[in-house]
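Colleague: Let's see this in three dimensions:
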Amino acid sequence: MAADLQRTVLDFYQVSTFNPVEWPAEKNIDSDVSEDDTTKKKINRRKSRYQALERVVSNRGSVIPGSENSGKGVGNLVQKDEPDPLGTTDSVVQTLRLRGVPLQDDTRLRNRFLLSSTTFSPALFLSQMHATADTQSLLGGLEVLSRSIDQKSASLKVLVESNFERFVRAKATIDNVYKEMKYRGADPTPPRARAHSRHASRNSFRSGSGAIGLTSPLSPVADPRKKNALIKESEYGVMGVKAPLLDVSAKAEDVWGPALGGRDKEENLKTVASSLDVYKEYVETSAAIADSIKRKDHESLVEEYVKARKFAEEAKQLVQKLGATQPSDAQLYRIVLAARMWHDVDEQIQALKRDIWRKLISPSVIAKTDSTQGHPEDQHMELITLLLELGVEDNPVWVWLLSRYDYLKSKIQSTAERSKVEIEILRRRLANTEKPSPQTIASHMRTLGRQSVESKSPTFDSVDVAELWELMVTFMSNLLSPQGILGEVVEFWQTVQGFIEGKTQRSLPGGYNGESKAHHRLSQQGTVDLQKGTVELVGMIRESVLMFFAGPPPEDISLLFSPMPQSPGTPAIAAISGSRTPTTLRDPRFNLDPKNIPPPSPRRGEAWEKFAFWPPWSNSISGVHYLSRMLALVGAGASDMASISPVGQGDANELEKLRTLVGVARERCVTALCAAWNRDAENIKFVEDWNRSPDRRDVTKMPASFAAFEGALLSGMQSILYISGAMSKPGAGDIVLPPPTKLLQMVRSQYVTTLYKALSGMVENAERPVKKTDDDWTVDTDGYVVSNRPAVSRASTVGGGTINAGDRNVRMLLTLSNLQSLRSDAVPALNAQFENAFSVKLTDETKTIRDVLGQIDARLFQSYTRPSIENLRKIIRAGVGSADWVPPRGEKPREVRAYVYEALLSLVLVHTQVSTTAATLTSQVLSFLLEQTSRELLEAFKTRPKYNLEALMQATLDVEFVAQTLSHYTTDRASELQSAIYQELDGRTDNDARARLQSELPEMRAVLKRLREASKSEFACFKKPKRAGGPPNAPERRDTGLSIASDR
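Modeller: I've put the predicted structure just below:
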């Protein structure tokens, strides 16, 4: 298979080896034609009108690829083998290979032995194939060959006969095509007369007209179509285009003849060409300038422009030098070329100057100047430098400074007015909403227990309020920050100052022959005007900020319906689309319907209605956060404005106005904040959710939330009063003055007031009865939520893990514990923070706050213990006053009376409630109730006029059993009362009973010991705990006289 494949490749490419070393010479036979043959072929091609058809016919051959032949048959593809035409063998190649003829290596040699090849050689075939054949075998082979030829001829005859009709149709088609091309579709033979027909009358007119118009086909004039016919008279179809070609040739001769002919013109052209070569720079300067302008290569532009001016100056000097003398041709060419060049250059430069002037004063260039990083002056200084290099009449420095001033003035006015209107729109929308519920306010206050006021969290207030606050801060930042308008004004003055002092001009060019040096200096009047303009810009910013803080809310918001001013930062989409609507490229929040304008804020008597800078319904927490940021911007901005020399070193009134700005803004902020602080202090009671603090289980989250709220207000108020965020600015101490005493006193009074209101709210939470609805604990009277966790509220207090907020006693105990936490920790820390923040001493206020806390604590304590005291009074009065209290005469008492057990069991219930709710109050409550129990015993014993020995012994047992059972909670006051009881008993008995009692004391001690042992389990809760349960600074409870309802 591999040998057959190699043989196939060699046969296909007609080479003898796979590694040929040269191109076969026979491959070039077709290209080796003589020039005569080429000429003859060209002649034949011109003479033959059917060359294409002839070429197709001559090349028509076998459908086998490679059947086309060329001169000597190079490139033929024939069969690899075939039988002997003489019929002696079936394989010529096989027979020759056996005879030693190397056919497998030479394809051309093999083709000469194959009858189907065009290079077949009969002589070679016979000499090699039939070298040993005799005459008889050759004659036999001739017969075989003859029969083969006859068979093929018969096949050809059959082929011709079967396709004769196709040949005829093809011949007719060729003739028709030739006739069409020759006669242009006209029939060269007239139609023969038709036989008689019934339709002759119908066709007579058409037949007649056709016969009249028919002419000889040899007459080109008879039919216009014949002028393009392929006949000799029409020059074989080119007559139609010959005349236009002659006309074009004549016109071309007229146009180009004079230019191409004539010795004089030739000489003139040579002279012009030589002149152009001499003054080549004159010609190229205009194009070089145009190219530099296109590429914005200002350096090359200036060089070419200086060169052009020199050429123009030289030509002008030449004209002046010649005077009335006739110039030579060279001089004339020089003058004309210079004039033409300068005219073209001047037009380009003037157009460029107009474009530069337009860029220099356009707001877009000013904006790009503002936003350039690192060197903000590069762009406008580049334009100014180029104008000075090209030479201008007006001072570009002065023009740019004026345009910059106008731009800043317009920007300040438009920014301030539009921002105030946008703020008022959002403010009105907030004012027309419903007042937020106390629960919503409390939820924001409650967050302070979990985060710092410095964290910029939106949970300080509602989303809409925070959004308005952020818009106000953005407005202040846009006006007063170094990246805002004030920063641009400061930069503007620094630029002006650089030109006034001559520092900036050092880098400016002097122009051609120093003609632009006159523009390097500003005039005296121009300097004064620029200083006044800078002061005016500062005044506009100051007044905008002052009116925002000191003025009422704006009433006219129609500015929002006017188109937005074309600021440099505004995209040109509206201009491209052709839209000029007022809402184009505007914040969708301010897309308003002119027929449905937000109404003014309703008058509800709220404090914020007169402040344009305070969002409606905002709380004091967000207010102190955002106002401290805004006042820091005001203070820093005022210091920056004072640093501008025309303001700080000019009129003293300007500095005073800046101080007034800071003072007024601070006072208005403090006033608004104190009003919000006061309102939030009234609502702080809603923060109580009756959930235990994670740090201290004996208090709720209320003390921590209250401390965080007050601490945040004090910290923010310090930042507002002293504007500490602006004091890092140079010279801020001269502008931001210390707060006046009036403001400090206002904050001082508000702080104390908020403490009172917050404490009163806590007491109100504890005392007000609650009712349970479907999902909340709510009060009967005001309807505010006490606990928003009913699942927790319904839980038992046992174990101290949860709180039953529906139990008044539980609320009382937790509130008492909260008050103790405030009294011992939170309030002293807040007082210390206030004193450190405002450098004052709260001596009187601290004493007053302590007294108020004590009064509130005592009031709540008495309110909680009163029911227990009343119960004890009833039990003791009923027990001592009963008829069977005194033992029978002669019978010694062996038991304490039942009322004592009943009273102690009621104290066990109190102990359980207190210890599981607020364990720190256990000692205080039990000690106080022991005192009240002793008092009630004293009063009860006073009701009996006389005590015999048995009654005296019973009273002693009762008193001592109570005293020993509650010995852990004994106080000095309880001991005094017990002594008073014994004195009272002693005064109501006789000497005999006293003496006999002394002898009974040992036995009574034994009885008392037995009774104590028997009741050990019942009263185990009164044992001394392993560690003290109360805080070290727990207040001593004294009887205020409010706890006993005397029957006397």
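Colleague: Please make it C-alpha for all contacts and neighbour counts, starting now.
Modeller: OK.
Colleague: Can you name the next helix or strand after the worst-scoring helix or strand of the chain on mean pLDDT?
Modeller: Lowest by mean pLDDT, DSSP states H and E among the helices and strands of the chain is helix 573-577, with a mean of 33. Toward the C-terminal end, the helix or strand that comes next after helix 573-577 (DSSP states H and E) is helix 620-643.
Colleague: Please provide the alpha-carbon coordinates for that next one, formatted as PDB.
Modeller: Output of helix 620-643 as PDB, limited to C-alpha atoms (Å, rounded to 0.1, in the frame of the first residue of the first chain):
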ATOM      1  CA  SER A 620     -32.200  65.800  70.700                       C
ATOM      2  CA  ILE A 621     -29.800  62.900  70.100                       C
ATOM      3  CA  SER A 622     -29.700  63.400  66.400                       C
ATOM      4  CA  GLY A 623     -29.800  67.200  66.900                       C
ATOM      5  CA  VAL A 624     -26.700  67.300  69.100                       C
ATOM      6  CA  HIS A 625     -24.900  65.000  66.700                       C
ATOM      7  CA  TYR A 626     -25.500  66.900  63.600                       C
ATOM      8  CA  LEU A 627     -25.500  70.400  65.100                       C
ATOM      9  CA  SER A 628     -22.000  69.800  66.500                       C
ATOM     10  CA  ARG A 629     -20.900  68.900  63.000                       C
ATOM     11  CA  MET A 630     -22.500  71.900  61.500                       C
ATOM     12  CA  LEU A 631     -21.200  74.300  64.000                       C
ATOM     13  CA  ALA A 632     -17.700  72.800  63.600                       C
ATOM     14  CA  LEU A 633     -18.000  73.700  59.900                       C
ATOM     15  CA  VAL A 634     -19.300  77.200  60.800                       C
ATOM     16  CA  GLY A 635     -16.400  77.800  63.200                       C
ATOM     17  CA  ALA A 636     -13.700  76.500  60.900                       C
ATOM     18  CA  GLY A 637     -15.200  78.400  58.000                       C
ATOM     19  CA  ALA A 638     -15.300  81.600  59.900                       C
ATOM     20  CA  SER A 639     -11.600  81.100  60.800                       C
ATOM     21  CA  ASP A 640     -10.800  80.500  57.200                       C
ATOM     22  CA  MET A 641     -12.600  83.600  56.100                       C
ATOM     23  CA  ALA A 642     -10.800  85.600  58.800                       C
ATOM     24  CA  SER A 643      -7.500  84.300  57.400                       C
END
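Colleague: Quick check: mean pLDDT of that helix?
Modeller: What helix 620-643 shows for mean pLDDT is 93.
Colleague: Could you give the separation of it from the chain centroid?
Modeller: 27 Å (C-alpha atoms, centre = their mean, to the nearest Å).
Colleague: Give the buried residues for that helix.
Modeller: 620-643 (16 or more other C-alpha atoms under 10 Å).
Colleague: Any regions of the stretch 901-1048 of the chain where pLDDT drops low?
Modeller: 1025-1048 (pLDDT under 70).
Colleague: What segments of it are helices?
Modeller: 922-941, 949-965, 972-987, 991-1014 (DSSP state H, counting those that start in this stretch).
Colleague: Which positions within the longest one qualify as buried?
Modeller: In this case it means helix 991-1014. Buried, per 16+ other C-alpha under 10 Å, within helix 991-1014: 993, 997, 1004, 1007, 1008, 1011, 1012.
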